[in-house]
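Q: My questions concern the predicted model and sequence given below.
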Amino acid sequence: MDEHNCDIAIIGCGPAGMSAAINARVRGKEIVFLGSEFCTPKLHKAPHINNYLGFHSISGEELRKKFLSHVQAMGIEILKSRVTAIVPQENDFAVQTKEKVYNARAVILATGVGVAQLLPGEDEKLGLGVSYCATCDGGLYKNRRVAVLAYTHEGVEEANYLAEICEKVYLLPLYKENPKNHLHVHNNVEVIENSKPKSIEGETLVSGLKLEDRTLDVEGVFITRDSVLPDKLVPGLDIEDGAVKINRSLSTNIPGLYAAGDNTGQPHQLAKAVGEGQVAALNAVKYLDGKYSK
Ligand SMILES: Cc1cc2nc3c(=O)[nH]c(=O)nc-3n(C[C@H](O)[C@H](O)[C@H](O)COP(=O)(O)OP(=O)(O)OC[C@H]3O[C@@H](n4cnc5c(N)ncnc54)[C@H](O)[C@@H]3O)c2cc1C
């Protein structure tokens, strides 16, 4: 994998991430800004926003476009790449995506709130048969049977990739749109469209995936979602009442790691997300200046 270096990696392209990105750029930092395909579904769905100062009675979609054009006008690129893991290292963080690993001296998590509930067994078996990245972990399942739970279209690509390595791949297209419109699968992929996953089974390692109507005999379960819970992204990250635990400077328990927006807890509101994006960016800049400009 390629290695890239930057001052600050910003994860998530919602209002919090965009605000963090423009503020880090204003302060002259090298940033890598990683987000989802569409930035951001939450704002797009807001029919009518009446509480964002200066924009009385604007639709979420209109505001979303204004935010994106602000980011663009500042020459900031949003890399449409889902982050699958962030590993704190001695002097920086390894930010892993399917395609690349980025090395960042500080990280701002602006991932919003996504998954309300994990599958039974998912948390316990993470790293023991459960993975969020086929390109990263697929090699471990050579000649084995695996399942892909595709909550996003990306899961189809992941299944086709795994089909080249694994003995057998089951694909469950669980995203909202009619799956048949999108499916071009390798002949080693069996698509299961009419059954939902219930739990991931196994004593220590994964040994099966229980569906509504049967259990699949698999040793690996790959899951693609738009967002992964923050503590699943970053090992050792403290969570309190379901949100990333932060202090007033929006730093977490891991030095150099900041969080902003809906993922830090209630209220899940736009102005808070934008404000926290700024505070996190300015404190990340302060952290870097204190550490590296002596
Ligand atoms: C229907 C609706 C109406 C609303 N109305 C209002 C309103 O009137 N007023 C108001 O103040 N607020 C409103 N909100 C709330 C507001 O939209 C949110 O508070 C705001 O979008 C939060 O911003 P955020 O940046 O924290 O998260 P989000 O907007 O959720 O953005 C997070 C982004 O990060 C991406 N992401 C997550 N994980 C990863 C990863 N691992 N790698 C890469 N990218 C990742 C996500 O896909 C997403 O694009 C409304 C929300 C909804 C759904």
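A: Yep, it's here.
Q: Low-confidence bits of the stretch 101-250 of the chain, can you list those?
A: Where the stretch 101-250 of the chain drops to pLDDT under 70, the residues are 115-116, 178-182.
Q: Point out the residues in the chain that sit beside the ligand.
A: 11-17, 34-36, 39-40, 42-43, 45-46, 49, 51-52, 82-83, 110-112, 114, 226-228, 261-262, 268-271, 273 (CB under 6 Å from any ligand atom). Every residue, glycine included, has its C-beta placed from N, CA and C.
Q: could you say what helices and strands the helix or strand where residue 161 lies packs with?
A: Assigned by DSSP states H and E, residue 161 falls within helix 154-163. Secondary-structure packing of helix 154-163 (3 or more CB pairs under 8 Å, 6 or more residues apart in numbering; DSSP states H and E): helix 134-137, strand 145-150, strand 168-173, strand 189-191, strand 220-224.
Q: which non-adjacent residue is nearest the closest residue to the ligand within the stretch 151-294 of the chain?
A: For the stretch 151-294 of the chain, the residue positioned closest to the ligand under CB to the nearest ligand atom is residue 261, at a distance of 2.3 Å. Nearest residue to residue 261, sequence neighbours excluded (CB to CB, 6 or more residues apart in numbering): residue 16, at 2.8 Å.
Q: residues contacting the residue nearest to residue 196 when sequence neighbours are not counted?
A: With CB to CB, 6+ apart as the criterion, residue 196 has its nearest non-adjacent residue at 5.4 Å, and that residue is residue 212. Counting by CB atoms under 8 Å, 6 or more residues apart in numbering, residue 212 makes contact with 195-196, 198.
Q: How about residue 254?
A: 88, 234, 236-237.
Q: Helix, strand, or coil at it?
A: Secondary structure assignment for residue 254 (DSSP: H, G, I helix; E, B strand; the rest coil): coil.
Q: For the protein, give the helix that spans the most residues.
A: Using DSSP state H to define each element, the chain has its longest helix at helix 270-292.
Q: buried ones in that helix?
A: 270, 272-285, 287-288 (16 or more other CB atoms under 10 Å).
Q: Fine by me, we can end here.
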